[in-house]
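[1] Have a look; sequence and predicted model below, questions after that.
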Amino acid sequence: MSSSGERRKLVLISGATGGIGKATAIAFAKEGGYDLAMHYNTASDEVREKLTESMTNHNREEDFRFHFFQADIGNYDSVRKLHREVVETLGPVDILFNNAGSACGHTSVQSLADVPIDVAEETWRINTGSGILLTQLCLPHMEAQNWGRVIFDSSVAAFTGGVVGPHYASSKSAQHGFIHWLAGNVAKKGITVNGVAPALIGDTNMMGSSDDKEVQERVASRIPVGRLGRPEEVADTVLWMAKNAYVTNKVIAIDGGYYPY
């Protein structure tokens with residue numbers, strides 16, 4: 001409960017220990033007034049401890065609650081267990097950020113034949129199916145209280161095809177169809193449904209380590225703003241979507257002006 005007696009809004013972030021996930025968790029902690037349920041799959045104790053330190057340094061509220069939850073986001077039974085544990089530990093979810101994603105070890109694909117169909121299905125399950133399932137599980141509470149936020153972490157690959165591969169691009173574009181359908185379905189219930197579509201964001205798994213300066217500089221030289229994006233800039237957009245009740249049915253590209261739409 002908040003100091004005013006109202007229940008604090010609970011944010012569930014899947015993939016919370018990756019670059020964008022961490023930045024988003026810190027953004028909500030810094031904003032204040034939210035509790036955080038943070039999903040991870042294989043993150044080490046050290047990674048979780050560092051994120052805990054960052055959040056607590058930015059949020060000194062006495063009633064601030066957060067918890068880490070492990071789950072294999074590619075397994076639907078594990079996703080159901082994740083939701084159940086979040087509700088039992090922290091309460092029902094008000095804001096869902098479906099952020100977890102993977103290319104399943106296949107990047108820079110040059111031929112469709114290079115992506116086995118089981119890899120394509122696994123990629124869709126991780127990037128899209130689990131987010132739809134989590135949304136199904138969280139939505140009844142949002143509908144009951146006439147307030148909720150559902151946000152997907154897509155990619156500009158959903159617009160352009162991108163450079164990762166057909167399995168990844170198609171899984172991200174599937175998110176967009178779901179966003180557009182659900183947004184119209186729940187708009188009058190106080191629930192907004194949106195997506196962010198990042199590209200060329202540094203310090204993320206998709207872009208690799210920031211230590212690879214040569215690669216980073218080569219990519220940055222092709223971006224109109226002259227640099228890679230930062231995870232914090234994606235997080236700012238997610239926070240804005242969570243706070244704004246009049247923005248729905250949108251997928252916002254965050255790419256430094258690289259792709260003309």
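    Here it is on my side, so go on.
[2] What about the residue nearest the centre of the chain? Give its phi and psi, please.
    Central residue of the chain (Cα atoms, centre = their mean): residue 99, 1.9 Å from the mean position. Dihedral pair for residue 99: phi -110, psi -20, per degrees, to the nearest 10.
[3] From residue 241, how far out is it?
    Residue 99 sits 13 Å away from residue 241 when distances are taken as Cβ to Cβ, to the nearest Å. Glycine gets a C-beta too; all of them are placed from N, C-alpha and C.
[4] Confirm for me that the residue nearest to the centre of the chain is in contact with residue 22.
    No - using Cβ atoms under 8 Å, residue 99 is not in contact with residue 22; the gap is 10.0 Å.
[5] Show me whatever sits in contact with both of the two.
    residue 16 (Cβ atoms under 8 Å, 6 or more residues apart in numbering).
[6] tally of neighbours for residue 7?
    Neighbour count for residue 7, taken as other Cβ atoms under 10 Å: 12.
[7] Test my guess that it contacts residue 65.
    No - if you go by Cβ under 8 Å, residue 7 and residue 65 don't touch, sitting 11.1 Å apart.
[8] Name the secondary structure element that contains the closest residue to residue 105 other than its chain neighbours.
    Computed as Cβ to Cβ, 6 or more residues apart in numbering, the closest residue to residue 105 that is not its neighbour in sequence is residue 119, at 7.7 Å. Taking DSSP states H and E as the criterion, residue 119 maps to helix 117-124.
[9] Would you state the predicted confidence (pLDDT) at residue 233?
    At residue 233, the pLDDT value in this model is 97.
[10] Give me the secondary structure label for it.
    helix (DSSP: H, G, I helix; E, B strand; the rest coil).
[11] so who does it touch?
    Contacts for residue 233 (Cβ under 8 Å, 6+ apart) come out as 201, 254.
[12] Buried ones in the helix holding residue 119, by neighbour count?
    Residues of helix 117-124 classed as buried: 119-120, 122-124 (neighbour count, 16 or more other Cβ atoms under 10 Å).
[13] Ok, stretch 64-80 next?
    64, 66, 68-69, 71, 73-74, 79.
[14] which other residues reach it?
    Taking contacts as Cβ under 8 Å, 6+ apart, the residues outside stretch 64-80 that touch it are 8, 14-16, 25, 29, 32, 35-41, 48, 52, 55-56, 81-82, 85-86, 89-90, 100, 102, 122, 125-126, 129-130, 133-134, 137.
[15] Any of those residues buried? List them.
    For those, a burial check counting by 16+ other Cβ under 10 Å picks out 8, 14-16, 25, 29, 35-41, 48, 55, 82, 85-86, 90, 100, 102, 122, 125-126, 129-130, 133-134, 137.
[16] Which members of the residues you listed are positioned in helices?
    Counting by DSSP state H, those place 25, 29, 48, 55, 82, 85-86, 90, 122, 130, 133-134, 137 in helices.
[17] Which two among the residues you listed are spaced furthest apart?
    29 and 122 (32.1 Å; Cβ to Cβ).
[18] and the residue nearest to residue 200 when sequence neighbours are not counted, how far is that from residue 127?
    Once flanking residues are discounted, residue 200 sits nearest to residue 228: 5.4 Å by Cβ to Cβ, 6+ apart. Separation of residue 228 from residue 127 (Cβ to Cβ): 22 Å.
[19] Compare those two (neighbour count), which wins?
    Using other Cβ under 10 Å, the more surrounded residue of residue 228 and residue 127 is residue 127, with 28 against 20.
[20] List the contacts of that one.
    Residue 127 neighbours (Cβ under 8 Å, 6+ apart): 100-102, 168, 171-172, 174-175.
[21] Run through the helices of the stretch 151-261 of the chain in chain order.
    Taking DSSP state H, counting those that start in this stretch to define them, one finds helices in the stretch 151-261 of the chain at 157-160, 166-186, 213-220, 231-243.
[22] So for residue 107, which of the ones you listed sits nearest?
    With Cβ to Cβ as the yardstick, what comes closest out of the helices of the stretch 151-261 of the chain is helix 166-186 (7.9 Å).
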